[in-house]
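Peer 1: next come a sequence and a model predicted from it.
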Amino acid sequence: MRERTVRRVAGVLRARLPELRLEGVPDPRAREGRWSLAQILRATLLGLMAGCRSLFEAEQLTEGMAVAIGRRLGLPRRLADTTARDALCRVPLDGLRAVLHRLVRAAWRRKALAPVELPMGVVALDGKSTALPTLNHPLVQNHIDGQVTPYGLVRTVTCSLVSAAGRPCIDAIPIPAGTNEVGFFRAAFQSLVETYEGLFDLVTYDAGGFSRANADAVIAAGKHYLFALKDEHRTMFRLAAELLAGETVIARTEDVLDNGTTVVRSLRLLRADPSWSYGDGKTPEESVWPH
């Protein structure tokens with residue numbers, strides 16, 4: 001089964017690798033050595049798509065790979081995990097993001113990202129973080145006080161095209177250490193618009209990105225937003241809960257997660273009225289959200 005999986009993955013890579021132009025990723029190494037950066041990136045992609053959970057497993061994959069598959073992918077021999085690690089840890093993030101952008105645009109051009117079951121393109125943004133034993137880096141938020149072992153958090157705004165089949169990730173934008181999700185939303189959103197202007201119409205975010213300034217930025221770009229409200233936005237949350245409580249449920253789902261947990265989701269729709277008063281002002285004219 002593993003060999004069949006590798007053959008399938010190799011076939012997909014052979015067909016799509018030219019779209020990535022991996023040779024265009026800047027090589028930060030002083031000298032190339034026996035492996036070019038493009039070869040290392042190809043081997044890493046092969047390992048990821050074949051289900052390898054570490055660079056060591058990717059090394060074993062390249063060692064046991066059929067000669068014909070290796071020749072087809074330009075991987076003539078075993079790629080040591082240390083060689084891959086030393087190169088990958090130094091590759092500039094913008095170089096890798098540019099590869100992803102090229103792949104998404106190519107899929108867009110061949111109509112592979114058309115909306116499925118939705119009438120518009122929808123991108124879901126969400127903050128993700130990974131704990132690492134690294135401190136004092138521009139993209140690492142230090143966690144020192146009160147910690148037995150200090151650590152750093154690398155955070156990204158991950159962008160998924162949820163309206164397309166497969167919900168592909170179309171970008172992962174690193175968040176600088178000195179800000180947070182709500183403060184970085186506008187920069188991440190602007191980058192998304194500049195990269196994929198016509199690919200989506202609606203952007204969604206949980207309560208971590210909710211703010212009037214962020215909503216203004218989305219409207220100014222000619223897009224629409226769907227932000228989550230939670231109890232920390234007490235005035236708006238309670239107003240929304242009170243107004244929606246009297247509306248008819250037009251859709252409902254119930255998911256049984258286990259014997260003790262059931263999740264019920266219901267949908268109600270209500271058109272916003274500009275006369276409602278909420279926010280920082282004291283009168284509807286001063287406090288209303290204009291969109």
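Peer 2: Perfect, thanks for sending it. Numbers count the residues shown, from 1 in each chain.
Peer 1: ok, now which ones touch the residue nearest to the spatial centre of the chain?
Peer 2: Compute the mean C-alpha point of the chain, and by C-alpha atoms, centre = their mean the closest residue is Thr158, 2.3 Å away. By C-beta atoms under 8 Å, 6 or more residues apart in numbering, the contact list for Thr158 reads 125-128, 169, 171-172. C-betas here are computed from N, CA, C, even on glycine.
Peer 1: helix/strand/coil for Leu96?
Peer 2: helix (DSSP: H, G, I helix; E, B strand; the rest coil).
Peer 1: so who does it touch?
Peer 2: Val25.
Peer 1: and it, how far from Ile219?
Peer 2: Going from Leu96 to Ile219 by C-beta to C-beta, to the nearest Å gives 31 Å.
Peer 1: for Gly24, same thing?
Peer 2: 35 Å.
Peer 1: same check on Ser36?
Peer 2: 46 Å.
Peer 1: out of the two, which sits in the busier spot?
Peer 2: Ser36 (16 against 13; other C-beta atoms under 10 Å).
Peer 1: and the more buried one, what does it touch?
Peer 2: 23, 27.
Peer 1: and the pLDDT at it?
Peer 2: With respect to pLDDT, Ser36 scores 90.
Peer 1: what ranges does the stretch 1-150 of the chain have for its strands?
Peer 2: Ranges of strands in the stretch 1-150 of the chain, per DSSP state E, counting those that start in this stretch, are 122-132, 140-143.
Peer 1: now for Pro138: which residues touch it?
Peer 2: 176-177.
Peer 1: rerun that using 10 Å as the cut-off
Peer 2: 174, 176-178 (C-beta atoms under 10 Å, 6 or more residues apart in numbering).
Peer 1: Glu254: which element?
Peer 2: Assigned by DSSP states H and E, Glu254 falls within strand 251-258.
Peer 1: what angle sits between the helix or strand following that strand and strand 251-258?
Peer 2: Note on strand 251-258: by DSSP H and E, the next helix or strand toward the C-terminus is strand 261-267. Between the axis of strand 261-267 and that of strand 251-258 there is an angle of 170 degrees, by axes from the mean of the first three to the mean of the last three C-alpha atoms, to 10 degrees.
Peer 1: give me the below-cutoff pLDDT ranges for the protein.
Peer 2: 1-3, 274-288 (pLDDT under 70).
Peer 1: pull up the distance across stretch 51-58, start to finish.
Peer 2: Stretch 51-58 has its terminal residues 9 Å apart, counting by C-alpha to C-alpha, to the nearest Å.
Peer 1: so what touches the strand holding Glu254?
Peer 2: Contacts of strand 251-258 (C-beta under 10 Å, 6+ apart): 261-269.
Peer 1: secondary structure element holding the residue nearest to the centre of the chain?
Peer 2: strand 151-161.
Peer 1: next, the angle strand 122-132 makes with that strand.
Peer 2: On the basis of the same axes, to 10 degrees, strand 151-161 is oriented at 160 degrees to strand 122-132.
Peer 1: which parts of strand 151-161 are buried?
Peer 2: Across strand 151-161, burial judged by 16 or more other C-beta atoms under 10 Å covers 151-161.
Peer 1: and stretch 218-235, by the same measure?
Peer 2: For stretch 218-235, by 16+ other C-beta under 10 Å, it's 218, 221, 223-225, 227, 229, 233.
Peer 1: any chance of those residues in JSON lines with distance to Pro18 and secondary structure as columns?
Peer 2: Converted to JSON lines, those look like this (distance: C-beta to C-beta, whole Å; DSSP: H, G, I helix; E, B strand; the rest coil):
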{"residue": "Val218", "distance to Pro18": "35", "secondary structure": "helix"}
{"residue": "Ala221", "distance to Pro18": "32", "secondary structure": "coil"}
{"residue": "Lys223", "distance to Pro18": "32", "secondary structure": "coil"}
{"residue": "His224", "distance to Pro18": "35", "secondary structure": "strand"}
{"residue": "Tyr225", "distance to Pro18": "36", "secondary structure": "strand"}
{"residue": "Phe227", "distance to Pro18": "39", "secondary structure": "strand"}
{"residue": "Leu229", "distance to Pro18": "45", "secondary structure": "coil"}
{"residue": "His233", "distance to Pro18": "48", "secondary structure": "coil"}
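Peer 1: show me which pair in those residues is furthest apart.
Peer 2: Ala221 and His233 (22.7 Å; C-beta to C-beta).
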